[in-house]
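# sequence and predicted structure below; questions after.
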Amino acid sequence: MERITIAIDGYSSCGKSTLAKALAKALDYVYVDSGAMYRAVTLYFLNHQVDIRDEEAVKLALKNISISFKNIKGKNTTFLNQQNVEHEIRTMQVSNFVSPVAAIPIVRRKVVRQQREMGKEKGIVMDGRDIGTVVFKDAELKIFLVADPDIRAERRYRELLAKGLDVERKAIKANLLERDHIDSTRADSPLRQAEDAIVIDNSFLNEQEQLSKALILAQERINSKARL
């Protein structure tokens, strides 16, 4: 069967990773959580008190960062310098700083290089904010996921509560809107919908419904490639 590249972009807490993981599993593709990569960099910067305004300090820190993924008990798990940091990168502390870190050009260049390397063999689903516009401009399928901000905030709130974190709805919504603004207005690789992306609004879709829509789109692209 022909294998394609699938790029899923969208705003914070739209369910990009949920859809990407399910789609990769259904197609037996590799899933890469690009957001986790930026969160891992942010965690390293926080733990090592790296001043993101100091370009030389950022450059030096990036040389000491290695990010990888492992499947542990069926879950995609993020490793930073061989340490499992999946729980640490999902905290509000990291959420509050990840967008400014991800906006740094040299950080983005490092992460994008690694992402492109991961996608050379096709058969990959990657989610993020610039996957269809920068990382994989030639992806056969580009999905732009959207959802109502209040629904996004509620989903994020429940997700963090389930992980045992003490959070407030207002703080979560404020964080999401701030990240949306930073992601959309940054100079380097801003979040935007690719011209050839298909929009899926999942405000009132459950996980299976959005997966069904994405699978139909993926199969169309796979069949089209096979006919070439």
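In hand now; what should we look at? Numbers count the residues shown, from 1 in each chain.

# what's the neighbour count on the spatially closest residue to Leu176 that is not a sequence neighbour?
What sits nearest to Leu176 in space, not counting adjacent residues and going by Cβ to Cβ, 6 or more residues apart in numbering, is Ser12, at 4.8 Å. Using the backbone N, CA and C atoms, a C-beta is placed for each residue, glycine as well. Using other Cβ atoms under 10 Å, Ser12 has 24 neighbouring residues.

# check whether Ser12 really touches His181, as I assumed.
No - contact criterion Cβ atoms under 8 Å: Ser12 and His181 do not qualify, at 10.6 Å.

# could you pull out the strands for the protein?
Along the chain, counting by DSSP state E, strands occupy 5-10, 30-33, 67-72, 75-80, 83-84, 124-128, 141-146, 198-201.

# quick one: the fifth one to chain centroid distance?
Strand 83-84 has its C-alpha centroid displaced from the chain centroid by 19 Å (Cα atoms, centre = their mean, to the nearest Å).

# what about the helices in the protein?
Using DSSP state H, the helices of the chain run over residues 16-27, 34-47, 55-63, 92-102, 105-118, 149-162, 169-185, 207-227.

# return the set of buried residues in the fifth one.
Neighbour-count burial for helix 105-118, counted by 16 or more other Cβ atoms under 10 Å, picks out 107-108, 110-112, 114-115, 118.

# and if you look at the longest one?
Residues of helix 207-227 classed as buried: 210-211, 213-214, 217-218, 221-222 (neighbour count, 16+ other Cβ under 10 Å).

# mind giving me the packing neighbours of it?
Here helix 207-227 touches helix 16-27, strand 141-146, strand 198-201, going by 3 or more Cβ pairs under 8 Å, 6 or more residues apart in numbering; DSSP states H and E.
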